[in-house]
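1. Structure, please.
(2 chains)
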Amino acid sequence: MLPFSVQTKQFLNRLTFLTLLLLSVGIIIIGQFDKSLTNKFRMAVISSLMPLWNIALHIQTDTNAFLVNFKEIHRLTDENRQLQIENTNLRQWYDVAVSLARENRVLKTELHWNPEPSPSFVTSRVIADRRDIYTRTVLLMRGTKSNIHLNDLALTPNGLVGRITEIGPHIARVLLITDSSSRIPVELETSHVPAIMVGNNTSLPRLLYYPQNVHPIEGERVVTLNQDSSFPTGIPIGTVHYQHPEQPTICPFAHLEHLAILRVFDFHQQPEILSKTLTPKLSKYVPSTPSRQLFITSIKNVFFKKQER
Amino acid sequence: MSSLFLHNSLPDKNRSPSFWQQLDKIARHMLPTLFALLTIIFLSSPLPIPGSTELLSATIINTVFFWSLWRPSGMPVLNVFLIGIFMDLTGSAPLGINTLTLLLMYGVVDYYRFYLIRFRFVIIWCIISLIGLSIAIMQWLLTCLLRFYIFNPIPILFEASLCTGIYPLFSTVCSQILYFFDKNYETLD
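-> Numbers count the residues shown, from 1 in each chain, chains lettered A, B, ... in the order given. Have a look, this model is predicted:
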């Protein structure tokens, strides 16, 4: 213990308090003006906590899986029978899809179709659902080391979730489309008009800035719109829904309340690289059932090409 | 282990404190801060705890309030600052808001400490609910100001009521810990 009198100790305490109070005000001001510095510190702290959170997440996932298995074990027989029926049905659809894919490929070859580049993507687990009282974000356990960039789009199989706003080497933060600072250019698919989707911290973001002579139709699909090359056109977002008259909102396709795994797409890469990285390939185990017409077309195709040579 | 050493050394007051005694004392001084830091880590984790953000805020307010009122040596101002900044860095709200509000609360409690400790439990409960409400309003105002957006004010009530609701349980548990310390060891002050 330092040999100070009570008065000196009190004075030192007050001085420390005032200094720290001023420092906290300073931190607020610095945090507001230098966002990159704030992000750097935040990402460093979160990266160091990530292993702990990862363990917690794994424990929770395993426990949930165990409990679900335990509950559903008695329903397995019924479910199995249903799945078998469904599987047979799907198998037929799969055959149809394969033949359609082949036909599509042949037709594209006929038309000398130049395929659009497929974007590369990284799949990541949502490590933490950081929905503060006034923000809607989630953290992913992939960062710049996994080839994720700022402003990349995060999607679920259903639709758009948000975009990357902060990034570290092994961690990235996704600003959800429902956050109050999210603004995304969209297009109404039936009305064919542009609009802006504005997050408002509720589960239903608002639809604003559409032409005055157009009224968005209840239930029509809303997709992204490429206005400044930051978003590709046509990514599904949700459907129009009216909670109150004259106030259209968007009901997102993605289940934003229960995000587990996200795919982060990079739509800004060079097309040359993209076409090499992701060429769709059919599995060699796929049972192929090409139609007779398709078979004749492909034979003709080969025959004529050989003649030309 | 440490308590054994302490019991053996208690009667001899003239002897300088041993290494284990020092360690024990530091551990007891750091207990509230460690509890707060672990709470932040736990409630920031991806576990699906309903209302975890509001619960985190309420628990930290209660921890800082309780210890700065009843055992200021267990919650020095520097620790309050560290808890606030750690809470800010793990969250996604504008940086510094929790630090400022916690420090302001600490300042108020520290200034009126000798008046507050004379009150009965019910009065202190009312005071912590008022403090919780003030902090929630302050956090809401600062967030609105720094984000240039009027947020829905309903979470203020939820956070304040949670802060009020957990105080009796929190106070009971912490009082038991304090009682245990006072009974077994020398006081923290």
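2. Could you use CA atoms for every contact and neighbour count after this?
-> Fine.
3. Give me the neighbour count for residue A:46.
-> 22 (other C-alpha atoms under 10 Å in any protein chain shown).
4. Need the pLDDT of it.
-> pLDDT recorded at residue A:46 is 86.
5. which residues in the chain form helices?
-> Since you didn't name a chain, this refers to chain A. Assigned by DSSP state H, the helices in chain A fall at A:6-33, A:35-72, A:76-111, A:271-277, A:292-308.
6. meant chain B, my bad for not saying
-> Under DSSP H, chain B gives helices at B:2-9, B:19-43, B:52-70, B:77-90, B:97-111, B:113-116, B:121-147, B:154-184.
7. Of those, give the one that comes closest to residue A:92.
-> Checking these against residue A:92 by C-alpha to C-alpha gives helix B:52-70 as the closest, at 46.9 Å.
8. residues in contact with the closest one?
-> Here helix B:52-70 makes contact (C-alpha atoms under 8 Å, 6 or more residues apart in numbering or on different chains) with A:131-133, B:32, B:36, B:39-40, B:43-44, B:74-76, B:80, B:102, B:105-106, B:109-110, B:113, B:116-117, B:128, B:132, B:158-160, B:162-163, B:166-167, B:170-171.
9. Kindly present the helices of chain A as CSV, with separate columns for distance to residue A:262.
-> Compiled in CSV, the helices of chain A are given as follows (distance: least, C-alpha to C-alpha, whole Å):
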stretch, distance to residue A:262
helix A:6-33, 29
helix A:35-72, 15
helix A:76-111, 25
helix A:271-277, 20
helix A:292-308, 38
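10. could I get these as CSV with distance to chain B?
-> Shown next, in CSV, are the helices of chain A (distance: least, C-alpha to the nearest C-alpha, whole Å):
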stretch, distance to chain B
helix A:6-33, 5
helix A:35-72, 5
helix A:76-111, 27
helix A:271-277, 33
helix A:292-308, 51
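11. and residue B:146, which of the ones you listed is closest to it?
-> helix A:6-33 (7.2 Å).
12. Buried residues, that closest one. List them.
-> Across helix A:6-33, burial judged by 16 or more other C-alpha atoms under 10 Å in any protein chain shown covers A:14, A:17-18, A:20-21, A:23-25, A:27-28, A:31-32.
13. which of the residues you listed sit farthest apart?
-> Maximum distance among those (C-alpha to C-alpha): 27.3 Å, for A:14 and A:32.
14. For chain A, what's the nearest residue on chain B?
-> Using C-alpha to the nearest C-alpha, the single residue of chain B nearest to chain A is residue B:46, 4.2 Å away.
15. pretty sure residue A:174 is touching residue A:166, no?
-> Yes - at 7.4 Å, residue A:174 counts as touching residue A:166 under the criterion of C-alpha atoms under 8 Å.
16. If you tally nearby residues, what's the number for residue A:186?
-> Counted with other C-alpha under 10 Å, residue A:186 comes out at 26.
17. quick one: contacts for residue A:124?
-> A:140-142, A:261-264.
18. How confident is the prediction for residue B:63, by pLDDT?
-> 93.
19. next one: residue A:301
-> 53.
20. where among the helices of chain B is the average confidence lowest?
-> helix B:2-9 (a mean of 42).
21. picking that back up, most neighbours among the contacts of residue A:124, which one?
-> residue A:264 (28 neighbours).
22. Roughly how far does the residue lying closest to that residue once chain neighbours are set aside sit from residue A:201?
-> Using C-alpha to C-alpha, 6 or more residues apart in numbering or on different chains and skipping the chain neighbours, the partner closest in space to residue A:264 is residue A:154 (4.3 Å). Distance of residue A:154 to residue A:201, computed by C-alpha to C-alpha, to the nearest Å: 18 Å.
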